[in-house]
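**Student:** sequence and predicted model, in that order:
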Amino acid sequence: MELAPEMFKRFFPLPVTVITTVDAQGTPNAAPYSCVMPILRPLPLIAVASALPRDTLRNIRETGQFVVNVIGRPAFRESMRTARPYPPGVNELEKVGLETLPAKHVAPPRIAAAVGWIEASLERELVDERYALLVGRVLCSEMNDRYVADGKLTEPPLTLLMPHFRTIGEVVLHRDALEEDLGVS
């Protein structure tokens, strides 16, 4: 079945991540991002696509640093609450009650319950009128010890991450349903 060119996103699975940054004053910021991918396997590079404008994008441009928190079943619902439209300068992680850990090589924090973390520094940016494509140099990547036993993952990566992949245009969860489910208003 042939699809319109923009429809490839309907069958292309994307991981759910939350990118953490800090602003120029050091206040943490967090937002869900699915358009994240490695760049050629041997290279320590990661790409992030962002709509314009976004607090996360502004913070990365200001500080040159970010953490990609790979989100799976354990922290999915809480992490998605960071998508609420908080004003700049608000710590979304604190607002939604996500525990953080200090990163090893950058200022933005890690989400403690993430399956893994990718700490990066901004290497280059491609800007269009509708989006920015960021290329980050990976400074540290680490699996969370919570999901590792005897040097192996406690579950296969896809099991840990499923069903927390999404396709662009498909609703994973309605914000209202999430807030009702969590008793948040």
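**Tutor:** Nice, I can see it. Residues are numbered from 1 along each chain as shown.
**Student:** mind checking which helix or strand Gln25 is in?
**Tutor:** Per DSSP states H and E: Gln25 is located in neither a helix nor a strand.
**Student:** my guess is it contacts Val90. True?
**Tutor:** No. Using Cβ atoms under 8 Å, Gln25 is not in contact with Val90; the gap is 11.8 Å. Heads up, the C-betas are built off the backbone N, CA and C, glycines and all.
**Student:** so the two - more neighbours on which side?
**Tutor:** Per other Cβ atoms under 10 Å, whichever of Gln25 and Val90 has more neighbours is Val90, with 16 against 7.
**Student:** so where's the chain uncertain?
**Tutor:** 157-185 (pLDDT under 70).
**Student:** how about the contacts made by Ala24?
**Tutor:** Counting by Cβ atoms under 8 Å, 6 or more residues apart in numbering, Ala24 touches Asn59, Glu62, Thr63.
**Student:** the residues you listed in helices, which ones?
**Tutor:** Asn59, Glu62, Thr63 (DSSP state H).
**Student:** could you dump the residues you listed to CSV with neighbour count and distance to Glu2?
**Tutor:** Shown next, in CSV, are the ones in helices among the contacts of Ala24 (neighbours: other Cβ atoms under 10 Å; distance: Cβ to Cβ, whole Å):
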residue, neighbour count, distance to Glu2
Asn59, 25, 40
Glu62, 14, 43
Thr63, 18, 44
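**Student:** enumerate the beta-bridge partners assigned to Ala132.
**Tutor:** On the basis of DSSP bridges, Ala132 is bridged to Ser50, Val127.
**Student:** that one reaches Leu122, doesn't it?
**Tutor:** No. Under the criterion of Cβ under 8 Å, Ala132 is not in contact with Leu122, lying 10.5 Å apart.
**Student:** what's around the residue nearest to Ile39 when sequence neighbours are not counted, how many residues?
**Tutor:** Sequence neighbours aside, Leu45 is the residue nearest to Ile39 in space, at 4.0 Å (criterion: Cβ to Cβ, 6 or more residues apart in numbering). Neighbour count for Leu45, taken as other Cβ under 10 Å: 16.
**Student:** any idea how far Glu62 is from Leu45?
**Tutor:** 21 Å (Cβ to Cβ, to the nearest Å).
**Student:** swap in Pro13?
**Tutor:** 32 Å.
**Student:** go on, Phe8?
**Tutor:** Phe8 is 33 Å from Glu62, by Cβ to Cβ.
**Student:** please apply the same query to Leu93.
**Tutor:** Using Cβ to Cβ, we find Leu93 at a distance of 18 Å from Glu62.
**Student:** so Gly136 sits right up against Ile46, yeah?
**Tutor:** Yes. Between Gly136 and Ile46 there is a contact under Cβ under 8 Å: 4.9 Å.
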